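In: from the sequence below, what's the structure:
(3 chains)
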Amino acid sequence: MAADAAAALAAGPMGARLRAPVRTRGARRVLIFVAFAFVTVFLVLPLGVIFAEAFSLGARAYVAALADPDVRAALWLTAGIALAAVPLNTVFGLIASWCLARFRFRGRGAIVTLTELPLSISPVVAGLLLVLLFGRGGLLGAFLEAHGIHIIFAVPGMALATIFVTVPYVARELIPLVEAQGSEEEEAAITLGASGWQTFFRVSLPKLRWGLLYGVLLCNARAIGEFGAVSVVSGAVPGQTNTLPLEIQALYDGYRVQGAFAAASLLAGLAIVTLLLKAALEWRHRDELSAARRARAE
Amino acid sequence: MESGRWMGRRGAWREPSVLPGFAPSLAATLLWLGLLVAAPLAVMLATAAGLGWSGFWALVLKPRVLGDLSVSVSSALAASAIDVVFGLVIAWVLARYRFAGRRAIDALIDLPFALPTAVAGIALATIYAKEGPIGAVLAPFGVAVAYTRAGIVVALMFVGLPFIVRTLEPVIAELEAEQEEAAEMLGASGTATFLRVLLPPLAPALLTGFALALARALGEYGSVIFIAGNKPMVSEILPLLIVTELEQFDVPGAVAIATLMLAASFLLLLSVHGIEAWVRRRHGG
Amino acid sequence: MSTRIEIEGLHRMLAGQMVLDNIDLVVQPGELAALLGPSGSGKTTLLRMIAGLDRPDRGAVRFDGEDVLARPARERGVGFVFQHYALFRHMTVARNIGFGLAVRKVPRGRIEEKVSALLKLVQLEFLGGRYPAQLSGGQRQRVALARALAIEPRVLLLDEPFGALDAVVRRDLRRWLRRLHREMHITTVFVTHDQEEAFELADRVVVMNGGRIRQSGAPMQLYRRPVDPFVCRFLGEANEIPCRIENGFVIADAGFLLGRAEMGTGGGIAYVRPHQIALRPNEAGDWRVAELTAGGAMSRVGVARDGLSLEASLASERALALGLQAGMGVEVEIAGGMVMGDAADAPVTLLPAPHRDRPLLTERKIEKDEKEEPSFSEEKEAKRLLSVIRTYDSSRDFERRDKNR
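Out: Just a heads-up that it's a prediction; the model follows:
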């Protein structure tokens, strides 16, 4: 309607102003097209290929590939490792956000950086760190060997590697969220007579629940999908020390491509569920989460 | 909450708060980070230091290391640069326009975060192989992507994209549309509006996004190894070399390369913080 | 039931800055006190210290003589209403109000009873099931108040209680809170930067600036007898007229008689509020109307004479009745004010100069409601003054004569 009014006045110098939206509209169409094209080629196509390849030999072959005992063992191992890593780092994230976002103290910035450090370390280097600590010839290698404890090339090492790479996920979601929400509600709870625990469980935790779920979701996706760090410390024994991503590599390198994609389709399905849940969270609790995102962007 | 602690707090190292639990939560945080992150890093740095100055460089200045380093760095730079262009377009579209399918794009952008790297790796390798849906299209033109350096770039573009989009999106959303309109009213052309009005405020976010994508690309392993040819000095990335050296029980060689990579990602992290600090100083808040 | 709050020698440094500087304050049982000051004056810090949300470096806070500094905030029995209410966003209104009881393990039935009584008190009977995000600002404010009252606090503390509300809601809530306080009689301290709010609500206003208490007293006392220029300016606009006191007369440096003073001698500045200036149209008057702004109930009139301009305010009805117009001549009568500066150690009350026709008319009105003013024989004084005034005020070139003397 404003455009109509402008059109009525457009006889004179306003003409220049009128051309602008037309030009912008053209640019808009081109930009949206580019975005769609890029997302289709780079993101949709890989997803499609995974399922197409997984079912390339038919549904029966697909089921058979998943019924493979090594694949099932890998599935359980992956779930087990995620079940160790995610809760531990969720608890850590909650504690770290309480400490780092509710209090101001010297050295706080350094600790926040340390929290996020595993994100910028190559997963392969993360694996190497564990080898240096626990491997034969490593710092604790002799001690572990003397006591018959196997960490490297065994499940404990893989769990440790996963825990290492997932340290930041919950914490870095929660810290900016807690900062954005402030501590007034907690102070109110205290003046109303609540103890520290009561304040945490009745006020802080419910307030954070969506951000927490968001962080847990991302943490879980990484824990299940971790490849580089785990592969360095894994014994790579099918059926014993292969997580699902490692099993996929073993199948793929063994030219059992359909089997690899069948296993991959499970992880891809999980990724899609993760994205849907994440999108749902973002849309339903946009205000809360975007406040945190803004705080982080600053 | 003993009251004595509050007395004579002049040289305090923290601002007081009525909320309890500072000491235990700090202790737990430091313990977890110390055991899991700081201690292993310290051990590696000590190991690297143990190599000695000349020993370290002898391990790093080997032709294969340098060749792989150049493969890693050039592919990561190329991938991040391409991502910046397309990431800017996508972020712009997401932040500024409302259209059918917007939510789908918004959700899909994070796919590289959610999809395990190995899964992405085999999918990309299949797509760009000679018989794959895109590889088959490119093959008649003599363009090979899979098992070449181009394949590495494609894989790194995949993992880096969300960093750039998610860094830019909130910044674009906060740019006032009035600025563009004002520029148009003042007679600026579309290009001039873009270059002089829109780009400058986005520059810090573009740099930050670029640095984040680059850091991720330099360390990326899972999605690359399947599509790269893994030919030393031609299509082998540095992280794969670490794995190879470890498999040959050449721990010092692996440590030297890892230290180099760690230094690189640390520098990138510092530059991101530097950019953020600079933006804060300049624009306040 | 009401508690007496005593604050003694409270000090607080933060980041090398004195946030609170030797604060002494007593709030009487059942009193409604306002901490008034500009932002950064330390008023909120002081309130938080009473609540236990912040700690002093030294000093004492006592409730009925008992030192409460050793007690953590949760045991102080303080009802605190936060500036932005700090309602628990994930709890219903009823659960918000019942929170303080729930954490004390009060039986559920008791809580429900109490919550419904409180909902009634704050006139939100039907909103118990709503979430804070579904309430208006004024409703949230009342929920926050009900939540604070639920724990039967010894003292009620409110941080900028009306800061986030629009003007109409603010006015209504203010009156409602005043009534509520009269009924419940809880010792209450609230923080505000709005002097109007402080004056309308409080029994006692404590003006703070730079971490210190500048003045504390009944609203009218502060308004009429500010102890320093800061308080004077902060409590409302004032014309500031350079002047000096001589022989009991206050003479503007611009060269005319402002009024009388009972003590002091030497230079200073007279602070005269716009409403303390009375105008009378008189073409032969020394002053001209320079500017006339009619705005609602009150009109503002700028008047000027050589070298000086003043701002007066009067009821718009009155301005109409006087037929004030820009450019017309007027007589200016200063009905009151304060003189501060070198002339005396303490601020000196500026008394009106008796007018030729209506001697001391305005002053008599003032005398009635201010007992601390020394009484004197009006008539005798008026006669004495009148004779002096004639010599001073009838002459336009006062200045020259002053120099010659």
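
In: quick check: what element follows the lowest-mean-pLDDT helix or strand in chain B along the chain?
Out: Across the helices and strands of chain B, mean confidence by mean pLDDT, DSSP states H and E is lowest for helix B:177-185: a mean of 72. Downstream of helix B:177-185, the next assigned helix or strand under DSSP states H and E is helix B:190-192.

In: report the distance from the helix or strand that that next one is followed by to the chain centre.
Out: Per DSSP H and E, the first helix or strand lying C-terminal to helix B:190-192 is helix B:199-219. The chain centre lies 8 Å from the centre of helix B:199-219; the measure is CA atoms, centre = their mean, to the nearest Å.

In: immediately after helix B:199-219, which helix or strand?
Out: Downstream of helix B:199-219, the first helix or strand assigned by DSSP H and E is helix B:222-225.

In: does that following helix reach chain A?
Out: Yes - against chain A, helix B:222-225 shows contacts by CB under 8 Å from any CB of the partner chain at B:Gly222. All C-beta atoms are positioned from the backbone trio N, CA, C, and that covers glycine.

In: elements contacting that helix?
Out: helix B:117-128, helix B:149-174, helix B:238-247 (3 or more CB pairs under 8 Å, 6 or more residues apart in numbering or on different chains; DSSP states H and E).

In: out of those helices, nearest to B:Val85?
Out: Closest to B:Val85 of those is helix B:149-174 (CB to CB; 9.3 Å).

In: pLDDT averaged over the closest one - what is it?
Out: Averaged over helix B:149-174, pLDDT sits at 92.

In: related to what we said a few turns ago, export the helices and strands packed on helix B:222-225 to JSON lines and append columns for mean neighbour count.
Out: Shown next, in JSON lines, are these (neighbours: other CB atoms under 10 Å in any protein chain shown):
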{"stretch": "helix B:117-128", "mean neighbour count": "27"}
{"stretch": "helix B:149-174", "mean neighbour count": "24"}
{"stretch": "helix B:238-247", "mean neighbour count": "22"}
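
In: how about these, which one is nearest chain C?
Out: Evaluated with CB to the nearest CB, these place helix B:149-174 nearest to chain C, the distance being 22.4 Å.

In: quick check: angle from the closest one to helix B:117-128?
Out: 110 degrees (axes from the mean of the first three to the mean of the last three CA atoms, to 10 degrees).

In: next, format the helices and strands packed on helix B:222-225 as a markdown table and append distance to chain C.
Out: Listed next are these as a markdown table, based on distance: least, CB to the nearest CB, whole Å:
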| stretch | distance to chain C |
| --- | --- |
| helix B:117-128 | 37 |
| helix B:149-174 | 22 |
| helix B:238-247 | 44 |
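
In: right, so of those, which gets closest to C:Arg170?
Out: So among those, helix B:149-174 is nearest, using CB to CB, at 31.2 Å.

In: angle of that closest one against helix B:199-219?
Out: Helix B:149-174 and helix B:199-219 are oriented at 140 degrees to each other (the same axes, to 10 degrees).

In: can you tell me if helix B:149-174 touches chain A.
Out: Yes - under the criterion of CB under 8 Å from any CB, helix B:149-174 makes contact with chain A via B:Met157, B:Phe158, B:Leu161, B:Thr167, B:Pro170, B:Val171.

In: and which of those residues is nearest chain A?
Out: For these, the nearest to chain A is B:Pro170 (4.8 Å; CB to the nearest CB).

In: for B:Leu94, see how far away the closest one is.
Out: 10 Å (CB to CB, to the nearest Å).
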